[in-house]
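In: Sequence first, then the predicted structure:
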Amino acid sequence: MSNGDIFAGEVIGTAILILFGAGVCAAVTLHHSKAKASGWIVISFGWGMAVLAGAYTAAPLSGGHLNPAVTVGIAVDTGEWGKVWVYVLGQMAGAMLGAVLAYLAYYAQFAANKDKETALPTLGVFSTIPEVRHPVANLLTEIIATVGLVLPVLAFGMTKGLGESGTQVLIVALLVVGIGLSLGGPTGYAINPARDLGPRIVHAVLPIPNKGTSDWGYAWVPVAGPLIGGALSGLVCNAAF
């Protein structure tokens, strides 16, 4: 795969991932949405389908990593680091583009946030927020949840026929649903540095009325945790398989 194909695939696939993922968060969170308050199960399945759509779209061009933690895990496992920067650059650009598209899709709902009596913080539409702010515990949660994603992804890649049939992407999407349902409660399961940081940057600069803080004091956790989890997954895979 050329650098251009990798970059284009990761931009397009990650943009779709964040458009659908931030979109389901907006649908459940914002006032005047038909899906308002429909709950965590909807969010978990929405993110799973976001992975499904993004990864299937990107796969022919880049392999559909869509996540620096996955890219790092593969690099640690294989020792091939030469194209990591292209993947990560594409993932960050795609995440920011997807966040802007989600904002535009829900523009009227965000605009309605100008009413101070009903205004609500909007960061949760774009990025993760811990339910209990405890940096060490939050970091540990993100590391564990990311290992729960990346190690199976690496193992799936060793199963003959899964990638060729396209079944691997479907299984990974269902895995993301499972992670959301089982491990997403404490931190909102970033499990992807680009998924959290790119939209957080966009949230900081968008002209959303009464949007609230972008919480930069917490922003390092959903970046460091998944990267550590991805690296650990690569080490375990290399040693055990």
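Out: Everything's here; your move. This is a predicted model, so every value here is computed, not measured.

In: how many neighbours does Gly124 have?
Out: Counted by other CB atoms under 10 Å, the residues lying close to Gly124 total 19. Where C-beta positions appear, they are placed from N, C-alpha and C, glycine not excepted.

In: Give me the buried positions along the helix or strand that contains Gly94.
Out: Using DSSP states H and E, Gly94 sits in helix 84-105. Using 16 or more other CB atoms under 10 Å as the test for burial, helix 84-105 gives 86-103.

In: how close does the spatially closest residue to Gln91 that is not a sequence neighbour sit to Lys34?
Out: Excluding its sequence neighbours, the residue lying closest to Gln91 (CB to CB, 6 or more residues apart in numbering) is Ala194, at 4.0 Å. According to CB to CB, to the nearest Å, Ala194 stands 29 Å off from Lys34.

In: which one of the two has more residues nearby?
Out: Set side by side, Ala194 and Lys34 show more neighbours around Ala194, with 31 against 6, by other CB under 10 Å.

In: ok, now how distant is the residue nearest to Gln91 from Ile16?
Out: Relative to Ile16, Ala194 is positioned 13 Å away (CB to CB).

In: contacting residues around Phe7?
Out: Going by CB atoms under 8 Å, 6 or more residues apart in numbering, Phe7 touches Ser62, Val86, Leu89, Gly90, Ala93.

In: Likewise for Ile144?
Out: Leu183, Gly229.

In: where's it, which helix or strand?
Out: Element membership for Ile144 (DSSP H and E) is helix 135-156.

In: Also Gly54?
Out: Here Gly54, judged by DSSP H and E, is contained in helix 40-62.

In: Please provide the alpha-carbon coordinates for that helix, formatted as PDB.
Out: Coordinates of each C-alpha in helix 40-62 appear next as PDB, following Å, rounded to 0.1, in the frame of the first residue of the first chain:
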ATOM      1  CA  TRP A  40     -26.100   3.500  26.700                       C
ATOM      2  CA  ILE A  41     -27.100   0.400  24.700                       C
ATOM      3  CA  VAL A  42     -27.900   2.700  21.800                       C
ATOM      4  CA  ILE A  43     -24.600   4.400  22.100                       C
ATOM      5  CA  SER A  44     -22.700   1.100  22.300                       C
ATOM      6  CA  PHE A  45     -24.400  -0.300  19.200                       C
ATOM      7  CA  GLY A  46     -24.000   3.100  17.400                       C
ATOM      8  CA  TRP A  47     -20.200   3.000  17.900                       C
ATOM      9  CA  GLY A  48     -20.000  -0.600  16.900                       C
ATOM     10  CA  MET A  49     -21.800   0.200  13.600                       C
ATOM     11  CA  ALA A  50     -19.500   3.200  13.200                       C
ATOM     12  CA  VAL A  51     -16.500   0.900  13.300                       C
ATOM     13  CA  LEU A  52     -18.200  -1.500  10.800                       C
ATOM     14  CA  ALA A  53     -18.900   1.300   8.300                       C
ATOM     15  CA  GLY A  54     -15.500   3.000   8.700                       C
ATOM     16  CA  ALA A  55     -13.400  -0.100   8.600                       C
ATOM     17  CA  TYR A  56     -15.200  -1.700   5.600                       C
ATOM     18  CA  THR A  57     -14.800   1.600   3.700                       C
ATOM     19  CA  ALA A  58     -11.100   2.000   4.500                       C
ATOM     20  CA  ALA A  59     -10.100  -1.600   4.200                       C
ATOM     21  CA  PRO A  60      -9.400  -1.700   0.400                       C
ATOM     22  CA  LEU A  61      -7.100   1.300   0.700                       C
ATOM     23  CA  SER A  62      -5.300   1.100   4.100                       C
END
